[in-house]
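Undergrad: one predicted model, sequence on top.
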Amino acid sequence: MNRVLILGGNGYIGGSLASSLMASGYHVTVVSRSSITNIECHRYIQLDLAKNDACKSLNVDEVDTVIDLVSYIPPNTENVSVSDIKRTLESYENLLKHLNDKQYLFFSSGGTVYGNSSMPLSESAPLKPVSPYGVQKCIQEELIQKLMPKGVIMRVTNPYGGIQQVKHGVGFVAHLLDCYLNKRTLTLTVPKNTVRDYIHIDDLIYATKGVLDLNSDVVEIFNISTSHGTSLEELIESLQEPSRLALAVNDVAPHNHILCNILDNSKLENAIKFKIRSRVTHFVNHFSHSDSKK
């Protein structure tokens, strides 16, 4: 049995991944700083890995693979210097040294490390992070390539679907569906022509399981994406019913807004197929027939 440790796993991606891995026969341990969880796993450990030397509390001899979902800086953080980010990540460097003989999967961010591009970007494209969150991920990637003898860096685009919370959920798809299902006005704070590469959670888990089977003896980087961009306007039009969804638009975007971001996934052995319209429709139907929309 493959024993997996999921760091920062008490959330949307972590919970989805833990449940799927357990169903596939993995022994799953989840670590999070939260004392409360409803995550399905064999073992749950409360631990704040942002504290220096907290990693020493982890008995990594009991696991084969570590999947790292920890974010030391939230995605919406602004006005943080690179030196501050590096100080924040001191505990992360200690963590890598503690794990350097394990198979290691790191969830980076495809949506913030590359910057703007209307063409699908390959893993060799230069990194141009435009936010503290993106800078954090780039620094972590550098540390992995410096300190880890083997591992996989997964640059993941924008996930949606599955057990994701719609009300107060993270991401445009969740916010759009919340407005759609509850007949709320959708207010955009970024332009309608903003393009993103959206990936369904089932496809993300499928790709993650494929990466788990690699057993690479070096550090490899993979874009986890659909290689297809969809604009906010296209997503709105796919669901819009004039009697249910009113749309207010504010086209003033933040200064660090990425207008277009599409990633090339051809390096994946089994590239993910583009199914966003059917996937979003299924997501809507799920919430339309559950109490989650309330």
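TA: That came in fine, so what should we check first?
Undergrad: excluding its backbone neighbours, what's nearest residue 20?
TA: Sequence neighbours aside, residue 205 is the residue nearest to residue 20 in space, at 4.9 Å (criterion: CB to CB, 6 or more residues apart in numbering). Glycine gets a C-beta too; all of them are placed from N, C-alpha and C.
Undergrad: can you give me phi and psi for that neighbour?
TA: Dihedral pair for residue 205: phi -70, psi -40, per degrees, to the nearest 10.
Undergrad: contacts only, for it.
TA: By CB atoms under 8 Å, 6 or more residues apart in numbering, the residues touching residue 205 are 16-17, 20.
Undergrad: the stretch 1-150 of the chain: helices as residue ranges?
TA: 12-23, 82-88, 90-98, 110-113, 132-147 (DSSP state H, counting those that start in this stretch).
Undergrad: including neighbour count, could the contacts of residue 205 go into a markdown table?
TA: Converted to a markdown table, the contacts of residue 205 look like this (neighbours: other CB atoms under 10 Å):
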| residue | neighbour count |
| --- | --- |
| 16 | 23 |
| 17 | 27 |
| 20 | 20 |
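Undergrad: from those, pick the one nearest residue 31.
TA: Taking CB to CB as the measure, residue 31 lies nearest residue 17 of these, at 13.1 Å.
Undergrad: my read is that that closest one contacts residue 5, right?
TA: No. Using CB atoms under 8 Å, residue 17 is not in contact with residue 5, being 11.8 Å away.
Undergrad: what's the overlap in contacts for the two?
TA: residue 67.
Undergrad: quick one: low-confidence parts of the stretch 1-150 of the chain?
TA: Across the stretch 1-150 of the chain, residues meeting the criterion (pLDDT under 70) sit at 1.
Undergrad: coming back round to it: so which of the helices of the stretch 1-150 of the chain is nearest residue 194?
TA: The nearest among the helices of the stretch 1-150 of the chain, by CB to CB, is helix 110-113 at 11.3 Å.
Undergrad: tell me the SS of residue 153?
TA: Classification of residue 153 using DSSP: H, G, I helix; E, B strand; the rest coil returns strand.
Undergrad: tell me where the stretch 51-200 of the chain has strands.
TA: In the stretch 51-200 of the chain, the segments counted as strands under DSSP state E, counting those that start in this stretch are 65-68, 103-109, 117-121, 151-156, 158-160, 186-188, 195-196, 198-200.
Undergrad: most packed of those?
TA: Mean neighbour count (mean count of other CB atoms under 10 Å) peaks for strand 198-200 among those, with a mean of 25.
Undergrad: and stretch 260-277, what's buried?
TA: By neighbour count on 16 or more other CB atoms under 10 Å, the buried set for stretch 260-277 is 260-265, 268, 272, 274-276.
Undergrad: which of the residues you listed fall within helices?
TA: Those of the buried residues of stretch 260-277 mapping onto helices are residue 276, per DSSP state H.
Undergrad: nearest to residue 215 among the buried residues of stretch 260-277?
TA: Nearest to residue 215 among the buried residues of stretch 260-277, with distances taken as CB to CB, is residue 268, at 15.9 Å.
Undergrad: pLDDT score assigned to that closest one?
TA: For residue 268, the pLDDT comes out at 84.
Undergrad: now it: phi and psi?
TA: phi -70, psi 140.
Undergrad: I figured it hits residue 210, correct?
TA: Yes. Using CB under 8 Å, residue 268 is in contact with residue 210, at 6.9 Å.
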